[in-house]
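K.L.:
Kindly generate the corresponding structure for this input.
(one chain, ligands or ions: 1)
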Amino acid sequence: MKIILTGDRPTGKLHVGHYVGSLKERVRLQNSGEFDEIYIMIADAQALTDNAEHPEKVRNNIIEVALDYLACGIDPEKATIFIQSMVPALTELTTYYMNLVTVSRVQRNPTVKAEIQMRNFEASIPVGFFCYPISQASDITAFRATDVPVGEDQLPMLEQCKEIVHKFNSVYGETLTEPNIILPKNAACLRLPGIDGKAKMSKSLGNCIYLSDSAEDVQKKVMSMFTDPNHLRVQDPGKVEGNPVFTYLDAFCTDEQFAEFLPEYKCLDELKEHYQRGGLGDVKIKKFLNKVLQAELAPIRERRAMWESRIPDVYDILKSGSEVARAKANETLADVRRAMKINYFE
Ligand code: TRP
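P.N.:
Now for the predicted structure:
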């Protein structure tokens with residue numbers, strides 16, 4: 001069996017970083033026909049671990065993330081989209097896995113470390129937040145996932161999950177399935193910078209291009225993008241490394257798009273070469289990037305608008321998806337309880 005489980009925290013609309021970092025790959029994998037089961041989870045319980053005081057934010061973003069999924073081409077006929085907290089078996093598994101992980105091991109998790117710093121949790125870390133890597137191992141193992149397509153920042157979570165699987169299987173006998181991470185192959189897609197050139201796109205920095213942005217907003221954002229600050233005049237040589245306009249082109253553009261939108265160049269290497277030599281202005285490249293992005297985002301925007309007019313159907317998809325997910329996770333939970341010899345009435 002080949003099974004995919006992946007998901008996102010519903011704390012905001014999804015942006016093009018999510019798209020090239022993971023969503024696009026999920027859709028490709030979904031349509032490859034290689035997978036027997038696909039589960040896409042809206043991780044509301046995990047979102048609450050650092051938004052405990054803002055449940056309305058989490059609630060409101062469930063529908064936004066669901067719309068973004070459907071807009072990108074996640075097909076409810078092929079994939080089960082569900083809400084994490086509607087699957088109580090996940091929390092029970094987490095309780096059992098907690099006994100197999102040490103505090104110091106979670107403290108070493110680089111993603112957790114970075115998040116603690118980012119959220120100023122150093123002085124007092126909520127226990128629920130601290131345990132979320134363990135809960136994420138429950139998400140993955142409950143569905144017997146063999147493959148987890150996610151962004152690069154999730155690598156430490158997958159490592160932690162594998163350790164829990166090994167520990168569980170060695171203590172209680174072969175029960176859980178070890179997952180593989182699937183990362184995008186294109187390096188530019190691993191970490192798409194913000195339009196201001198900062199390393200990460202984030203809502204609080206206001207440097208994201210959202211999948212739900214209008215065509216005008218996308219254009220405005222692209223034309224305002226940070227480039228090489230030393231490339232002052234067209235004739236000056238420019239730098240492509242660390243220049244977000246080129247990173248976006250690395251992530252998005254194809255040779256066919258050069259033929260269509262910028263036929264003076266055959267491919268991105270030629271364009272880069274001209275920029276580095278001097279004589280190529282930023283506006284021209286940004287106009288090209290805008291066309292490339294619009295071509296990718298237009299069908300997503302159209303599909304989103306279609307689903308926005310069918311909100312009750314979207315909730316039906318989430319509801320029936322959550323039922324399917326609950327049944328699957330309960331099966332794994334029964335296996336876990338049996339392995340742990342706490343299946344008293346069987
Ligand atoms: N941690 C992921 C995020 O920040 C969401 C998530 C929760 C997840 N559980 C998961 C991803 C299991 C993959 C597998 O968006």
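K.L.:
For this protein, just list every one of the strands.
P.N.:
Along the chain, the segments classed as strands by DSSP state E run 3-8, 37-42, 80-83, 147-149, 180-182.
K.L.:
Select, out of those strands, the one closest to the ligand.
P.N.:
The minimum distance between the ligand and these falls on strand 3-8, with 4.2 Å, by C-beta to the nearest ligand atom. Backbone N, C-alpha and C define where each C-beta goes, glycine included.
K.L.:
Of all the residues in the closest one, which ones are buried?
P.N.:
Residues of strand 3-8 classed as buried by neighbour count (16 or more other C-beta atoms under 10 Å): 3, 4, 5, 6, 7, 8.
K.L.:
same deal with stretch 235-252?
P.N.:
Across stretch 235-252, burial judged by 16+ other C-beta under 10 Å covers 238, 240, 243, 244, 245, 246, 247, 248, 249, 250, 251, 252.
K.L.:
Present the strands of the chain as CSV; the columns should include mean pLDDT and distance to the ligand.
P.N.:
Supplementary listing: these in CSV, determined by pLDDT from 0 to 100; distance: least, C-beta to the nearest ligand atom, whole Å:
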stretch, mean pLDDT, distance to the ligand
strand 3-8, 98, 4
strand 37-42, 98, 6
strand 80-83, 98, 12
strand 147-149, 97, 5
strand 180-182, 96, 9
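K.L.:
okay, now residue 30: neighbour count?
P.N.:
Residue 30 sits with 21 neighbouring residues when counted by other C-beta atoms under 10 Å.
K.L.:
roughly how far apart are it and the ligand?
P.N.:
With the distance defined as C-beta to the nearest ligand atom, to the nearest Å, residue 30 ends up 15 Å from the ligand.
K.L.:
Now do the contacts for that residue.
P.N.:
Shown here is residue 30, whose contacts under the criterion C-beta atoms under 8 Å, 6 or more residues apart in numbering are 4, 38, 73, 74, 75, 78, 79.
K.L.:
how does it look with 7 Å?
P.N.:
Residues touching residue 30, when contacts are defined by C-beta atoms under 7 Å, 6 or more residues apart in numbering, comprise 38, 74, 75, 78, 79.
K.L.:
Leaving out sequence neighbours, find the closest residue to the second one.
P.N.:
Distances taken as C-beta to C-beta, 6 or more residues apart in numbering place residue 40 nearest to residue 74, at 5.9 Å, with adjacent residues excluded.
K.L.:
what pairs with the one you found across the strands?
P.N.:
Per DSSP bridges, the residues bridged to residue 40 are residue 6, residue 81.
K.L.:
what's the answer for residue 180, then?
P.N.:
residue 147.
K.L.:
you'd agree it is up against residue 147?
P.N.:
Yes - using C-beta atoms under 7 Å, residue 180 is in contact with residue 147, at 5.3 Å.
K.L.:
more crowded one of the two?
P.N.:
Counted by other C-beta under 10 Å, residue 180 and residue 147 do not tie: residue 147 has more neighbours, with 18 against 11.
K.L.:
how far away is the more buried one from residue 38?
P.N.:
Distance of residue 147 to residue 38, given as C-beta to C-beta, to the nearest Å: 9 Å.
K.L.:
ditto for residue 191
P.N.:
As judged by C-beta to C-beta, residue 191 and residue 38 stand 25 Å apart.
K.L.:
same thing with residue 14?
P.N.:
Using C-beta to C-beta, one gets 18 Å for the distance from residue 14 to residue 38.
K.L.:
next one: residue 162
P.N.:
Taking C-beta to C-beta as the measure, residue 162 falls 21 Å from residue 38.
K.L.:
So between the two, which is more surrounded?
P.N.:
Set side by side, residue 162 and residue 38 give different neighbour counts by other C-beta under 10 Å, the larger being at residue 38 (23 against 17).
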